[in-house]
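Asks: Quick one, what's the 3D model for this:
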Amino acid sequence: MTSPLRGHTGLALAVLACLPGAVPLGAQQFEKLANEFVFTSLSFSPSAATQTGLHRYTDRKTGKTISLDDRLDDFSPAALDRQRAYYRDFSRRLDRIPADHLAPQTQVDVELLENAVGFASFGLDREQFYRWKPQMYAENLGSALFANISLEYADTATRARHLASRLEKVPGFLAQAFENLDGSNEVYRRVALQSVDGVVDLVKRLGADFVRGTPAAARYAAAQGPALAALAHYAAFIQNELPRREEFDWRMGSERFEAKWKYYLQVSIPPGEMLRRAEDSLQAARFEVLRLARPLHSQWFPDHRHDDADAERFLNQIVGEVLTRLGEEHTHRDSLLAQAQRDAAEIATVIRDRHILSLDQLRNMRIIPTPLFMRGVYGVAGAVFAPALQPSLESFYWVTPIPSDWPPDRAEAKLREYNRYKMLTLTVHEAVPGHLVQGEYANRVAPEWRRLLRSVYGNTPYVEGWAVYAEHVMEAAGVTGGDSVKARLTALKAMLRLYANVIIDIRLHTMGMSGEDAIALMTTKAFQERPEAEGKLQRAQLDYVQLNSYMAGLQEWARLRQEAERAEGDQFNLCRYHDTVLLYGAIPVPAVRRLYLAGVAPAAEAPASRCGAGGG
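Replies: Predicted coordinates for the structure are as follows:
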């Protein structure tokens, strides 16, 4: 789901103007340049703009102000060409900035802008998923409608009017999808149909409930029929017409994979080296799991004797039986949400008592069920930040319930995968002190233009790597669910999944790995339940490189922590370290390393320190 700080006060180290020999530009001019890019790029997607907190946009050339909350995204050829032209022009302006002469914090901001422009152009010109991904339109539409309902950016009557206006535009929005889609593949179509079903449910139930009793209710009711008819037509198109168009290979290939790797990850490790590390780490973690599992196996299965002549088979049998038994320690299928709420409160107490960091809880966090139309993406849980432009609004920890129509054996398999200990670490990862706490720190960055830039164009390995790193920190602090060995086994299983993510992502997209081989690796090497492995395969087929962000980020965070401890020696304070690196915001971790080790302080409003003398 993705997400959102040590600055020099003298940002007056200049940015040169575009013309040769021009006088240097000061902080105010650079602020205008960064703000222009954030607001203009957001205006290209009204759905994203509402979610980010941008509700009105004034065009810098025409001076015309438009409302964004009642519009849908425009995927017409003319609109896409306008985006291309803007990014080309902005790139030319960025090229004239002498980044080497800027203050260290501002150099990072220039790098973020350069990467954002390059990544946007890559999506428009190289990926062109608007031609191949039918689910993109359903998910974009669902997100736009849900934003009006869920985000309290205005009173209910105003948001209901915006929702009705967006609903009126659904037929035209989907008509453009018919025009744009040149082809697809079976997995894209299957997920698209699921997403369409989710949007239909949103329109019929959630949206209708939201507008009831408002002045927009009649307008919504009038728009509902045409919108539902358009969605039904779109579903029929996906099912019947799209398979007759071009077959698009979901495998991206090495060239496209490496290009996205550069833009999306911004880490110091190339794909080949990451794959080597993942495969080596997976094997080492398997042996560590066996070491911890054998005493439990002897206790739980004293009559089970396995031949150790085949070491690989022996390991799988011992560990498999122990993890299956461990998986039985789970909450009830209808209690996942309540368990997450209890876990979040417990974790916040440990953070405060052990001085892990200064900020230990979020007043504006809500833990709620994942919206139906997003459950294809968020199969278990996810973090959704408060809008970057309205950080005082609520943040969400989405927990995906087990569908009521799942048979007991399928539900049980899912619950074994997400047992008592895994659900605990999931709350660490997604909420406290993971994503949502990280986002709260990022909201403290100053000045405001820098906070917005680093929130809207934040680095995914920073965000995901921090969340995985937080799992390790909290385990060391005693957040174990009451049994450190079982918690450690569960944590190692999670690391096996992390390594498997890297392996299947790279091998599926660049080395021809089959889907069944990917599932076999996840189930036999990483001990995942088959439904979980099938879901992960689908995720890898729908996207690429993203699955590497967890291990890539963790590797960068682990390296930085080691270097900080080595550099500071006895003066190292874990709590102050965490406060500091989080206050940089979601910039690439190599940039965090550069700033932190150079002693560049965050330009941010720090929370009241609870670090003490020794830290965590």
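
Asks: could you pull out the strands for the protein?
Replies: For the chain, the strands defined by DSSP state E cover 15-16, 24-25, 56-58, 65-67, 183-184, 246-247, 365-369, 381-384, 395-399.

Asks: which one of these lies closest to residue 265?
Replies: Nearest of the strands of the chain to residue 265, taken as Cβ to Cβ: strand 381-384 at 19.2 Å. Placement of C-beta: from N, CA and C, glycine included.

Asks: partner strands of that closest one, parallel or antiparallel?
Replies: Strand 381-384 pairs in its sheet with strand 395-399 (antiparallel), by DSSP bridges.

Asks: what angle sits between the partner strand and strand 365-369?
Replies: On the basis of axes from the mean of the first three to the mean of the last three Cα atoms, to 10 degrees, strand 395-399 is oriented at 30 degrees to strand 365-369.

Asks: Could I get the phi/psi values of the residue lying closest to residue 169 once chain neighbours are set aside?
Replies: Leaving aside its sequence neighbours, residue 169 sits nearest to residue 72 (Cβ to Cβ, 6 or more residues apart in numbering; 4.9 Å). The phi/psi pair for residue 72 (degrees, to the nearest 10) reads phi -110, psi 160.

Asks: Give me the local confidence score for residue 72.
Replies: pLDDT recorded at residue 72 is 98.

Asks: Where does the prediction get shaky in this structure?
Replies: Applying pLDDT under 70 to the chain flags the ranges 1-28, 360-361, 373, 376-377, 613-616.

Asks: same thing but at 50, please
Replies: Low-confidence segments of the chain, defined by pLDDT under 50: 1-26, 615.

Asks: quick one, longest helix in it?
Replies: For the chain, the helix with the greatest residue count under DSSP state H is helix 271-300.

Asks: my guess is residue 35 meets residue 447, correct?
Replies: No. Residue 35 is beyond contact range of residue 447, at 10.3 Å (criterion: Cβ atoms under 8 Å).

Asks: Keeping just the C-alphas, turn stretch 239-246 into PDB.
Replies: The C-alpha trace of stretch 239-246 is given here as PDB (Å, rounded to 0.1, in the frame of the first residue of the first chain):
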ATOM      1  CA  GLN A 239     -14.800 -11.800 -19.900                       C
ATOM      2  CA  ASN A 240     -15.800 -12.100 -23.600                       C
ATOM      3  CA  GLU A 241     -14.100  -9.500 -25.800                       C
ATOM      4  CA  LEU A 242     -10.700  -8.900 -24.100                       C
ATOM      5  CA  PRO A 243      -9.500 -12.500 -24.500                       C
ATOM      6  CA  ARG A 244      -9.800 -12.100 -28.300                       C
ATOM      7  CA  ARG A 245      -7.400  -9.200 -28.300                       C
ATOM      8  CA  GLU A 246      -3.600  -9.400 -28.000                       C
END
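
Asks: any idea what sits nearest residue 357, other than its immediate chain neighbours?
Replies: According to Cβ to Cβ, 6+ apart, the nearest residue to residue 357 is residue 578 (4.1 Å).

Asks: Can you report how many residues neighbour that neighbour?
Replies: When neighbours are defined as other Cβ atoms under 10 Å, residue 578 has 28 of them.

Asks: now do residue 287
Replies: So residue 287, with other Cβ under 10 Å, has 11 neighbours.

Asks: mind checking how far the residue nearest to it when sequence neighbours are not counted is from residue 157?
Replies: In space, not counting the residues next to it along the chain, residue 287 is nearest to residue 315; the distance is 7.5 Å by Cβ to Cβ, 6+ apart. Distance from residue 315 to residue 157, counting by Cβ to Cβ, to the nearest Å: 62 Å.

Asks: And for residue 434?
Replies: Counting by Cβ to Cβ, the gap from residue 434 to residue 157 is 36 Å.

Asks: okay, these two: which has more neighbours?
Replies: Shown here are residue 434 and residue 157; by other Cβ under 10 Å, residue 434 has more neighbours (26 against 13).

Asks: The residue nearest to the more buried one when sequence neighbours are not counted and residue 399: what is the separation?
Replies: Closest residue to residue 434 in three dimensions, ignoring its sequence neighbours and counting by Cβ to Cβ, 6+ apart: residue 467, at 3.8 Å. Distance, residue 467 to residue 399, by Cβ to Cβ: 15 Å.

Asks: Next, count neighbours for the residue nearest to residue 275 when sequence neighbours are not counted.
Replies: Once flanking residues are discounted, residue 275 sits nearest to residue 506: 4.9 Å by Cβ to Cβ, 6+ apart. Close neighbours of residue 506, defined as other Cβ under 10 Å, add up to 25.
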